[in-house]
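>>> here's my sequence, what's the structure:
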Amino acid sequence: MILELLGPEPDFYRALSAAWRIAFYVTCFGAAGLGVFAIGFSRLQTPQDAASCRRLTRTMVALGLASSLLWLATQVALASDGDPFDAEVWDMMVTSRPGISVLIAWTGLLAVAVATWMGQPSLVVGAAGILTIAASFTAVGHTTQHQPRWLLAAALVTHLVAVSFWSGSLWPLALASKRGGPEAARLVEGWARAATWLVGGLVLAGALLAWLLVGSLETLLTTAYGWALMTKLALVGVLLGFAAWHRFRLTPALAAGTPGAGRRLAVSIGWEIAVMVLVFWAVAEMTSTSPQGEG
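Got it, this is the predicted structure:
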């Protein structure tokens, strides 16, 4: 979005497309991540927090469906000289790679929403929805244009599930931290132990993707894709700093019952959420350009 607006001839629809893509990433991975959190940690939540998270999941699903539809509309406008309602282009769009990817993501989002209304079977339905959302992104984008295709697809799904887990957990963790008490401490500590492994998988899968897609230091330093990737990496570094701060300082203080520890942790998580949104912006910039430059 910013790369487009800073260009010599800014294109409104391209910038709007990137904006809707950011919204789609935030809501889609937020819904998937809330689903992962519910599967792994809802038993440690208070009934009030669990109900709040279910409502937020449904809201994220609705916004994900809407933002992806609006993103497709901007793609139609770009392909039809500014007409987002061109029926002929819509027919082509829904059968294109982007259209198929969105339809698959919708299936996953709806499965996650259904899981919030179900009882015991929700584990299977929710997990299927989460994996479907992650897999939808293997149908479109840079990983479809490079080899080895299977390795790129596997790394992308692993990376996106871990991203979803991290991003979708932040709101429930903030809710628990605000409440404080030993129950909140057990939840945050349990999540931190799981996050150590999943965030490790996120970093390894992301590094593999970057190596396979970028391939050289020159590409990293001389293309818009490379600069967007370096921006993403810098922001992820900030997130890792937050994670370390929470893991080794604020969470032990919460567990020890230190006055004000829960509030401080909740505020810090709020800042972490803001940085996470910036990461999704950087990813949207990456998907708006090519690892091979404009040539």
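>>> same for the strand or helix carrying residue 161, what does it pack against?
Here residue 161 is covered by helix 149-179, with elements defined by DSSP states H and E. On a contact count with 3 or more C-beta pairs under 8 Å, 6 or more residues apart in numbering; DSSP states H and E, helix 149-179 meets helix 12-41, helix 47-79, helix 122-136, helix 181-214, helix 261-287. (Glycine included, C-beta is placed from N, CA and C.)
>>> pick the most buried one from those.
Here the criterion is mean neighbour count by mean count of other C-beta atoms under 10 Å, and of the helices and strands packed on helix 149-179 the winner is helix 12-41, at a mean of 23.
>>> that helix to helix 122-136, inter-axis angle?
With axes from the mean of the first three to the mean of the last three C-alpha atoms, to 10 degrees defining the directions, helix 12-41 sits at 150 degrees from helix 122-136.
>>> by contact count, what packs against helix 12-41?
Packing contacts for helix 12-41, counted by 3+ C-beta pairs under 8 Å, 6+ apart, involve helix 2-5, helix 47-79, helix 97-117, helix 122-136, helix 149-179, helix 181-214, helix 261-287.
>>> so the strand or helix carrying residue 233 versus helix 181-214, what angle?
Using DSSP H and E, residue 233 falls within helix 224-245. Relative orientation of helix 224-245 versus helix 181-214 (the same axes, to 10 degrees): 160 degrees.
>>> helix 224-245: what's the following helix or strand?
Trace forward from helix 224-245 with DSSP H and E and the next one is helix 251-255.
>>> what's the end-to-end length of stretch 113-128?
Using C-alpha to C-alpha, to the nearest Å, the end-to-end distance of stretch 113-128 comes out at 12 Å.
>>> so what touches it?
Stretch 113-128 is contacted from outside by 31, 35, 38-39, 54, 57-58, 61, 108, 111-112, 129, using C-beta atoms under 8 Å, 6 or more residues apart in numbering.
>>> any idea how far residue 178 is from residue 184?
8 Å (C-beta to C-beta, to the nearest Å).
>>> common neighbours of these two, please.
Contacts common to residue 184 and residue 178, judged by C-beta under 8 Å, 6+ apart, are residue 262.
>>> look up how far residue 115 lies from residue 71.
24 Å.
>>> on that earlier part again, next, give me the two most distant ones among the contacts of stretch 113-128.
54 and 108 (17.0 Å; C-beta to C-beta).
>>> using the three-state scheme, assign residue 82.
Three-state assignment for residue 82 (DSSP: H, G, I helix; E, B strand; the rest coil): coil.
>>> quick one, what contacts it?
Residue 82 neighbours (C-beta under 8 Å, 6+ apart): residue 13.
>>> swap in residue 149?
residue 143.
>>> mind running it again at 10 Å?
For residue 149, the contacting residues are 138, 143, by C-beta atoms under 10 Å, 6 or more residues apart in numbering.
>>> mean confidence score for the helix holding residue 161?
Throughout helix 149-179, pLDDT has a mean value of 91.
>>> just the buried positions in it, please.
152-153, 155-177 (16 or more other C-beta atoms under 10 Å).
>>> stretch 134-148 too?
Per 16+ other C-beta under 10 Å, stretch 134-148 contains these buried residues: 134-143.
>>> need the contact list for residue 186.
Each residue near residue 186 by C-beta under 10 Å, 6+ apart is listed here: 41, 44, 176, 254-255.
>>> what angle separates the helix holding residue 233 from helix 149-179?
Going by the same axes, to 10 degrees, helix 224-245 makes 40 degrees with helix 149-179.
>>> relative to residue 116, how far out is residue 52?
12 Å.
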